[in-house]
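[1] Following is a predicted model, sequence given first.
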Amino acid sequence: MRLAPALHRLGNDLVAAHLIVTPDGITLVDAGLPGFYADLVREMDAIGRPLTDIRGVVLTHGDVDHVGCSERLRRELGIPVYVHAADADRARGGDKPKTPVGPMRPGPLLGFAAYAIRKGMRPQWLTEVHEVADGDELDLPGRPRVIGMPGHSPGSIAVFSPAVRAVFVGNALTTRHVLTGRRGPAPAPFTDDPAEALASLARIEDLDADWVLPGHGPAFRGSPSAAVSAVRAAARA
């Protein structure tokens with residue numbers, strides 16, 4: 001799905017991954033669920049680019065619905081996968097803490113579960129990663145910069161690309177709560193440390209961007225400061 005000339009989305013409002021598309025190559029930010037491989041092939045065919053034009057996959061964190069098909073891309077095509085050092089073990093299938101589930105509604109929960117089953121919830125964990133840190137600017141299309149956003153997980157990051165005026169936030173926030181169906185910017189569920197996640201939002205608040213792109217929910221067309229203000233308001237409600 002084309003969001004802007006150099007910005008494409010895979011998946012839907014339940015689970016999403018994104019492409020930064022440049023003449024010199026493509027950066028994939030997150031890789032959804034394992035079944036997103038077929039979605040990626042279709043999207044690349046639609047824009048007339050081979051999979052080998054993908055220069056790297058940058059994961060916003062190491063959960064199964066973001067690691068997705070990245071191991072297949074790494075194994076079959078040699079595409080490097082980047083993840084924050086604090087989530088490297090998680091992306092390899094390491095232990096993940098139990099988190100409070102919080103409020104939920106049967107309809108949205110079942111819809112998310114059905115989609116996840118269809119796209120393959122059986123993990124394909126990474127066997128090799130390139131570790132990154134806060135402040136790193138990666139030598140990838142769009143010149144993505146790593147912004148540490150601990151809270152959802154220790155190594156959660158946002159990925160900021162001035163080239164496409166977008167910040168990819170993973171689960172630092174959500175615009176469609178997968179358990180309740182609530183729409184609009186809000187804290188994400190299944191967060192290790194909700195207070196830390198809220199505090200981390202200050203790290204993207206002043207970015208000069210037109211898009212805030214979460215891993216769950218529709219794209220937010222507007223400034224990061226507007227999205228962050230809405231998340232804080234939802235947290236207070």
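    Great, that's in hand.
[2] what ranges do the strands span in this protein?
    2-4, 7-11, 16-22, 25-29, 54-58, 81-84, 130-132, 145-148, 157-161, 166-170, 174-176, 183-186, 211-214, 220-221 (DSSP state E).
[3] Output the ones you listed in TSV; the columns should cover mean pLDDT and mean neighbour count.
    (Each C-beta comes from the backbone N, C-alpha and C, glycine too.) Output for these, formatted as TSV (pLDDT from 0 to 100; neighbours: other Cβ atoms under 10 Å):
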stretch	mean pLDDT	mean neighbour count
strand 2-4	96	14
strand 7-11	97	22
strand 16-22	98	25
strand 25-29	98	26
strand 54-58	98	24
strand 81-84	98	25
strand 130-132	98	17
strand 145-148	98	20
strand 157-161	98	28
strand 166-170	98	28
strand 174-176	98	24
strand 183-186	97	19
strand 211-214	98	26
strand 220-221	98	18
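[4] okay if I get the ones you listed as TSV plus distance to residue 122?
    Shown next, in TSV, are these (distance: least, Cβ to Cβ, whole Å):
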stretch	distance to residue 122
strand 2-4	29
strand 7-11	17
strand 16-22	18
strand 25-29	21
strand 54-58	19
strand 81-84	18
strand 130-132	24
strand 145-148	29
strand 157-161	25
strand 166-170	21
strand 174-176	24
strand 183-186	29
strand 211-214	24
strand 220-221	31
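[5] now for those strands, which one comes closest to residue 236?
    Nearest to residue 236 among the strands of the chain is strand 183-186 (10.8 Å), distances taken as Cβ to Cβ.
[6] Now do the same contact list for the residue nearest to residue 223 when sequence neighbours are not counted.
    Leaving aside its chain neighbours, residue 223 sits nearest to residue 209 (6.9 Å; criterion: Cβ to Cβ, 6 or more residues apart in numbering). By Cβ atoms under 8 Å, 6 or more residues apart in numbering, the contact list for residue 209 reads 160, 162, 165-167, 223-224.
[7] if we can go back for a sec, so which of the strands of the chain is nearest residue 93?
    strand 81-84 (12.5 Å).
[8] in its sheet, what does that closest one sit against?
    strand 54-58 (parallel), strand 130-132 (parallel) (DSSP bridges).
[9] With respect to residue 120, which of the ones you listed lies nearest?
    Across those, residue 120 has its closest neighbour in strand 54-58 (16.9 Å, Cβ to Cβ).
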